[in-house]
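S.K.: need a structure here:
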Amino acid sequence: MINILKLILTGLIISFGILSATVWAGSNDDILSLQKAWMTINYQTAMPQQARDFENLLLTTKKTSAQYAELAEAHIWQGVIEATYADLKNDAGDKSKALSLAESAKNSFKQAIKLNPHAMNGAAFTNLGALYYQVPGWPLGFGDEQKAEEFLLKGLAHDPDDIDANFFYGDFLFQKAQLLKAQQHLIKASLAPERDGREVADKARKQEIKDRLKQISYQLTRHQ
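M.R.: Residues are numbered from 1 along each chain as shown. All right, here's what the predicted structure looks like:
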């Protein structure tokens, strides 16, 4: 896996939108608490405490997704936190555990799509596509470029102006050396307005976009 934490999860604080009217009022607060906990651990906690906190957060997340099993948002956040923990395990050299967690994240995103493909502006599609292009392919993992592009495009279809949908599709194209097309999507991502309550995540995302655009500019200059 390549930088799952950095590339998939930085800035994945996407709008919750309106939860199903059939769901009791406490669900939004409980799911929002997962978002806040993730932000605190991801941006304000140092290793090795960060790994321990994510492990504990994952246990809480699984309880929340079981409690609100009919809510796509709960499963999206379970997938986000599983992918975060997968990246930490990968960095620690525990490749087997990392791939197992990535597999669980994939299943969480697929469950969210079954429940409500429109949840969080199609975030499950974008995250699933990102997993498919960054996790190793067979025989080590489930990585698949064709599926990656399929899901990334579905994420874009839900919100063509979304910062994350454009960033991840742009990054995918960059990895495939489709530099001009990648540049277009990354520029579009850079122009996305900041999201209320997600300024820290958006700042990190904008820096990633800036860095990637610099890489593209350098490579295009070399080939002139």
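
S.K.: Just the element for the closest residue to residue 152 other than its chain neighbours, please.
M.R.: Spatial nearest neighbour of residue 152, excluding adjacent residues (Cβ to Cβ, 6 or more residues apart in numbering): residue 129 at 3.5 Å. C-beta here means a position set from N, CA and C on the backbone, and glycine is covered the same way. Using DSSP states H and E, residue 129 maps to helix 123-134.

S.K.: What pLDDT does the model give the residue nearest to residue 152?
M.R.: We have a pLDDT of 97 for residue 129.

S.K.: Can you give me the neighbour number for it?
M.R.: The local packing of residue 129 (other Cβ atoms under 10 Å) involves 27 other residues.

S.K.: From what I see, it and residue 157 are in contact.
M.R.: No: in this structure residue 129 lies outside contact range of residue 157 using Cβ atoms under 8 Å: 11.6 Å.

S.K.: pLDDT averaged over the one helix or strand residue 65 maps to, what's the number?
M.R.: If you go by DSSP H and E, residue 65 is part of helix 49-67. Mean per-residue pLDDT for helix 49-67: 95.

S.K.: Now do that helix: everything it contacts.
M.R.: 30-31, 34, 37-38, 41-42, 45, 71, 74-75, 77-78, 81-82, 84-85, 88, 92, 108 (Cβ atoms under 8 Å, 6 or more residues apart in numbering).

S.K.: out of those residues, which are buried?
M.R.: 30-31, 34, 37-38, 41-42, 71, 74-75, 77-78, 81-82, 84-85, 88, 108 (16 or more other Cβ atoms under 10 Å).

S.K.: Output stretch 123-131 as PDB - backbone C-alpha positions only.
M.R.: Extracted in PDB, the C-alpha atoms of stretch 123-131 (Å, rounded to 0.1, in the frame of the first residue of the first chain):
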ATOM      1  CA  ALA A 123     -17.700   9.500  -0.600                       C
ATOM      2  CA  ALA A 124     -17.800   5.600  -0.500                       C
ATOM      3  CA  PHE A 125     -17.200   5.500  -4.300                       C
ATOM      4  CA  THR A 126     -14.200   7.900  -4.000                       C
ATOM      5  CA  ASN A 127     -12.700   6.000  -1.100                       C
ATOM      6  CA  LEU A 128     -13.200   2.600  -2.700                       C
ATOM      7  CA  GLY A 129     -11.600   3.800  -5.900                       C
ATOM      8  CA  ALA A 130      -8.600   5.200  -3.900                       C
ATOM      9  CA  LEU A 131      -8.200   1.800  -2.200                       C
END
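
S.K.: any idea how far that stretch is from the chain center?
M.R.: 6 Å (Cα atoms, centre = their mean, to the nearest Å).

S.K.: Same question for stretch 159-174.
M.R.: 11 Å.

S.K.: Check the secondary structure at residue 141 for me.
M.R.: coil (DSSP: H, G, I helix; E, B strand; the rest coil).

S.K.: Give me the neighbour count for residue 224.
M.R.: Other residues close to residue 224 by other Cβ under 10 Å number 4.
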